[in-house]
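[1] sequence and predicted structure, then a few things I'm wondering about:
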Amino acid sequence: MTTYIPTGELTGLLDDVMGFACPDPELPRIHAVRLDFDGEALHASATDDMHAGMSTWHPGDLPESATQEGLFSRVGGRDDPWSIVIALSDAADLAKKVKLKEKDRWVPLGLDFIQGVTDEHRLRVARNTDCGYPGLAVTVLDRDVDMPNVRRGLDINVIPFPVAEMEFNPLLLAHFGAVRMRGDSMRLVYTGPDTPAIVTIGDRFIGGIKPVRKSSRRLSSVAAA
């Protein structure tokens, strides 16, 4: 079965999280973006082991105008849950190839997960010509690496831990500023002096960032508990 998502939402998910992936291709485990479909919503996530982000799209996020105009005869999808990890470069290439102008953001894309039998899993992203735009098909391959499951590691209901002062790497913290605002403002919940702070942005993004502590030589990372 095919899962349908607006073009602007798929590119938005990828843009939200690609900054959290490790930029070093020599570390394929985290030089990647993970896409998870849970049977209803689509989640994109990435991490470099120092900070992480997960952005979500749910079919209920569609405005009434998009469904009334007939762009989505079938909202979301009826697929069984699937998951695929793609290279960061493939994620960037996919976003670039399918991107449309902002006024065309609701043009639907079909996602088809193809289970690998003798080779890698694949995800085919296609735009049909019957939507009034040029047809397009892009296929990305599963990396087959043990990427951390960001979705499982972030808890929006974590109990806050009172701290007087926290320090973060400003370059990493800036990546949260590039995430789309869908709902309320950004919220940070401190979980402890040596554990990641939980970051929520609007209604559809959750992330985490590890604090750093100051030494006489440089800012050094603090390992998660």
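    In hand now; what should we look at?
[2] how about stretch 2-12: buried residues?
    2-12 (16 or more other C-beta atoms under 10 Å). Any C-beta I mention is one placed from the backbone N, CA and C, and that applies to glycine too.
[3] my bad, stretch 24-40
    Here stretch 24-40 shows 28, 30-37 as buried, counting by 16+ other C-beta under 10 Å.
[4] same question, stretch 143-157
    143, 147-148, 150-151, 154.
[5] now do stretch 180-191
    180, 182, 188-191.
[6] how about stretch 108-118?
    Buried residues in stretch 108-118 (16+ other C-beta under 10 Å): 108-114.
[7] what's the mean pLDDT across it?
    What stretch 108-118 shows for mean pLDDT is 87.
[8] how near is the closest residue to residue 142 other than its chain neighbours to residue 165?
    If the residues on either side of it in the chain are set aside, residue 142 comes closest to residue 121, at 3.9 Å by C-beta to C-beta, 6 or more residues apart in numbering. According to C-beta to C-beta, to the nearest Å, residue 121 and residue 165 sit 45 Å apart.
[9] compare these two (neighbour count), which wins?
    residue 121 (19 against 6; other C-beta atoms under 10 Å).
[10] for that one, which residues are in contact?
    Counting by C-beta atoms under 8 Å, 6 or more residues apart in numbering, residue 121 touches 82, 84, 113-115, 141-142.
[11] tell me which residue is most central in this protein.
    residue 44 (2.5 Å; C-alpha atoms, centre = their mean).
[12] so that one is in which element?
    Using DSSP states H and E, residue 44 sits in strand 42-47.
[13] which elements pack onto the next helix or strand after that strand?
    On the C-terminal side of strand 42-47, the nearest following helix or strand under DSSP H and E is strand 51-57. Applying 3 or more C-beta pairs under 8 Å, 6 or more residues apart in numbering; DSSP states H and E, we find strand 51-57 packed against helix 7-18, strand 42-47, helix 150-153, strand 205-209.
[14] neighbouring strands of strand 51-57 in the sheet, and parallel or not?
    strand 42-47 (antiparallel), strand 205-209 (antiparallel) (DSSP bridges).
[15] give me the residues contacting the last one.
    Among residues not part of strand 205-209, those counted as contacts by C-beta under 8 Å, 6+ apart are 16, 20, 50-56, 153-154, 156, 168-169, 172-173, 176, 179-180, 182, 196-201.
[16] where along the chain do the strands fall?
    3-6, 32-37, 42-47, 51-57, 82-87, 108-114, 122-127, 136-141, 186-189, 197-201, 205-209, 212-214, 219-221 (DSSP state E).
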